[in-house]
Structure formats: structure tokens, C-alpha cells
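Q: when you get a sec, could you give me coordinates for this:
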Amino acid sequence: MLCQSSYRSQETRTFIVLAMALIVGGIQSGNVKADLVYTYTYTGNNFAIIDDSADVGGSYDTSMSVSGWFILQAALAPNLSNQAFLPDSWSFHDGRNTLVSGMSYSSNSFTVSTDNAGQITFWRLDLTTNLNDNRIQFIQSFNSPDLGVFADLGAIAPAGGNADSGRINNSPGSWAITAVPEPGFMTVMILAAGGAVGWRRSRQHRGTQLIAVRAVFSFKN
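A: Got it, this is the predicted structure:
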């Protein structure tokens, strides 16, 4: 009995693997379309210049930097030149605060240039928002030859006071791109796998019932 159960378990796993392989094969061949979302991740270099104001509690330090990501439903096109856009969602951090899409911004601008492969080469990122305690938070990243500005900046400025800031000049960070199926497609994949398990178990259950009926019939005869 144990051997039969183990065999069926192995058979079910094999069936699921084959079903998923068919789905993946369909994606690769173009018969099944997986909509992708593109995540662009920025990693800045550590701040080299720190301004510590007595008007703001806490301080930046040289272990902090600007980093973050934004998501697009379509990849950035090749050979863009100072293209302004607004991502579907984003999150950027300067070591002290995180600014995310959905917050109220007095300024939120994204401008990029790309090479012939769609990789980001130059950019201007400017996020400014009012914090809950009447302070203004800035996160900026510039690698912009047309403006002559090459700097990452994180800053907190109180109303009517001097700002805390961390920045690094002439040392731009780097971008990485990842493309993954959108969440809806992954849900379909999971449901497909679950359906495969259910279908296989249903077949096994019907087979067990049929064996039981045959056994009863044989006993009666």
C-alpha cells in the first residue's frame, strides 16, 4: 500500500512538471503571452559631503546613499533623449526617509536618456514632498550633461530653518533592469498548477471508485 501511494505521489508530481513545462514552452514559442513588468533599480554611491544642521534632529552620514526603483508596464525605448515620464510606481530612499508613489509631492519628475539597448545612460530624478512635521524631504539624483549636474542628494529642510543633507558629486550610481511576469499572469500559473493537481486527484479518485465497484461485483458473483 505504501509503495502504491508513493508511486501515485510521484506520478502526480511528474504530471505537474509536464503541465508547467507545456505552459512555459508555450510562452517561449509565443503561443502563450506573459505580460511583463519592468523594474529599474538604482544604486547610488555613498554620500561624501554631509551638512548637519542644528535645526533638524539626526544627521546623514557617509554610509548613506540614494537608492530605489521604479516600475513600468513597458520597457524604456532605445535612444531616448531627455524623455520625461511618470512611472507606474516607485520607491526611493536616502538613508533616512523613503519616498514612494502615492504620496503627495510638490515635485516628482523623472527624465532619462537611453542607449541603443534601452539602458539608462543619463537621468534626472527629483522628488520633493512635505513630511508630516512641516519639514520638506528632497531626494535627487542627477547624471545630466545638458545641465552640467552630476550629483546625488538627500536633504531634510525645516520650515524657515537650515537643511540637513548628504550628497555626492561627480560619482553617478548605476541602474539595473529586471523583467518579470505581471502578478495576474503568475496567478494564472498557480491556478493552472492547482488545476492540474485537482484533475489528477479526481482521476485517481474515480479510478479508486471503479476498483471498489469491480471488487463488490466480483464478490457478489
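Q: can you show me the helices along the protein?
A: Using DSSP state H, the helices of the chain run over 2-29, 183-220.
Q: quickly, which of those bottoms out on average pLDDT?
A: Of all the helices of the chain, the minimum mean pLDDT falls on helix 183-220 (a mean of 47).
Q: give me the beta-bridge partners of residue 71?
A: residue 39, residue 89 (DSSP bridges).
Q: residue contacts, it?
A: Neighbouring residues of residue 71 by CB atoms under 8 Å, 6 or more residues apart in numbering: 37-40, 87-90. (C-beta placed from N, C-alpha, C; glycine too.)
Q: buried subset of those residues as a PyMOL selection?
A: In PyMOL, this line selects whichever of these come out buried by 16 or more other CB atoms under 10 Å:
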select buried, resi 37+38+39+40+87+90
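Q: quickly list the domain ranges of the protein.
A: 38-180, 185-215 (automatic domain parsing).
Q: any weak-confidence spans in this structure?
A: The model of the chain has pLDDT under 70 over residues 1-34, 182-221.
Q: hang on, the earlier thing: most tightly surrounded among the domains of the chain?
A: domain 38-180 (a mean of 16; mean count of other CB atoms under 10 Å).
Q: measure it end to end?
A: 7 Å (CA to CA, to the nearest Å).
Q: again with stretch 156-167
A: 12 Å.
Q: also stretch 113-128?
A: 22 Å.
Q: contacts for that stretch?
A: By CB under 8 Å, 6+ apart, stretch 113-128 touches 40, 42, 75-83, 92, 99, 105-112, 136-147, 149, 175, 177.
Q: what does stretch 134-141 contact?
A: 42, 44, 56, 66, 68, 92-94, 97, 99, 106, 123-131, 151-159, 163, 165, 172-173.
Q: swap in 7 Å and give it another go.
A: 42, 44, 66, 92, 94, 97, 99, 123, 125-131, 152-159 (CB atoms under 7 Å, 6 or more residues apart in numbering).
Q: now intersect these with the strands, please.
A: Among the contacts of stretch 134-141, the subset assigned to strands under DSSP state E consists of 42, 92, 99, 123, 125-130, 152-158.
Q: my guess is residue 44 contacts residue 64, does it?
A: No: when contacts are counted by CB atoms under 7 Å, residue 44 is not listed as touching residue 64 (9.4 Å).
Q: okay, and the common contacts of the two?
A: By CB under 7 Å, 6+ apart, no residue touches both residue 44 and residue 64.
Q: now do the contacts for the residue lying closest to residue 102 once chain neighbours are set aside.
A: Take residue 102 and drop its neighbours on the chain: the residue closest to it by CB to CB, 6 or more residues apart in numbering is residue 89, 7.8 Å away. If you count contacts by CB under 7 Å, 6+ apart, residue 89 has them with 70-71, 101.
Q: distance check, residue 89 against residue 72.
A: As judged by CB to CB, to the nearest Å, residue 89 and residue 72 stand 9 Å apart.
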